[in-house]
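> can't give you the sequence, but here's the structure:
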């Protein structure tokens, strides 16, 4: 089975929208515990990591503390340009690579490959076999995500999102299970860590525009204003002193990429 989302190139290209890049730092990110886990997953030498779909370097920049080199790839040049300006982005340990993981020139071997939800957009039958070839003997693929725990305003938000999203037909898809079915990935372990986040109502709303489905570049000015107004009305009753408090869970799933079903 090929990735059903890989041909929606116009959607992944939303991450090159400057409006998305400028707001990306407001999305919940990885806890320090995540990097402890990633460090423990690296058992081979050299301690070199490949970070796919690196975005603004939320994995690559903190991970430099533990490794010799990181090759950080993204197809969005604006994301890479922003990554270089952020703390740690000028580290000599990081090679920022512009391109697709499917065909960008690599310098293996890698003791670990990391990917956020960027794997969602890639050609699985090309990428996973490629990773199997460039990893060291005990090298692993670690898939990371950060997910908001159920919040009391969830249903109200879902209704607002559905009216303003640029992808109303989207349905959640368990792509880890599909990768396993197609023998492209063998899951070996999972780690979850929950943290509490406090964020202003304004920043919480702004962070939603750092998602591809709610990019301001796909909205008219009036639509953007209406979205923000409706979100304010929804969220303010749940805020205390202007702050929303909610829990997010950081998840690391690791295993071996495979060559696929023959």
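Right, received. Where do you want to start? Owing to the predicted nature of the structure, the values given are computational and were not obtained by experimental measurement.
> of all the residues in stretch 82-89, which ones are buried?
Neighbour-count burial for stretch 82-89 flags 82-83, 88-89 (criterion: 16 or more other C-beta atoms under 10 Å). Any C-beta I mention is one placed from the backbone N, CA and C, and that applies to glycine too.
> then stretch 108-125?
So stretch 108-125, judged by 16+ other C-beta under 10 Å, has buried residues 108-116, 118-125.
> got it, and stretch 185-200?
185, 191, 193, 197, 199.
> so can I have TSV of those residues showing pLDDT, distance to residue 98 and secondary structure?
Shown next, in TSV, are these (pLDDT from 0 to 100; distance: C-beta to C-beta, whole Å; DSSP: H, G, I helix; E, B strand; the rest coil):
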residue	pLDDT	distance to residue 98	secondary structure
185	96	26	strand
191	97	31	strand
193	92	31	strand
197	95	31	strand
199	97	31	strand
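> same list (these) but as TSV, adding distance to residue 61.
As requested, the buried residues of stretch 185-200 are arranged in TSV below (distance: C-beta to C-beta, whole Å):
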residue	distance to residue 61
185	26
191	21
193	19
197	20
199	21
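> so for residue 255, what's the pLDDT?
Note on residue 255: pLDDT of 98.
> who's it bridged to?
Here residue 255 sits in beta bridges with residue 141, residue 187, as judged by DSSP bridges.
> so it touches residue 184, yeah?
No - at 10.3 Å, residue 255 does not count as touching residue 184 under the criterion of C-beta atoms under 8 Å.
> quick one, which of these two is more surrounded?
Between residue 255 and residue 184, residue 184 has the larger neighbour count (other C-beta atoms under 10 Å), namely 23 against 18.
> and residue 92, which of the three is it?
coil (DSSP: H, G, I helix; E, B strand; the rest coil).
> residue 144 now?
Applying three-state DSSP: residue 144 is strand.
> who's in contact with it?
30, 34, 59, 114-116, 250-253 (C-beta atoms under 8 Å, 6 or more residues apart in numbering).
> what about the chain, any weak spots by pLDDT?
The chain contains residues with pLDDT under 70 at 1-12, 172, 261-262.
> no further queries at this time; thank you.
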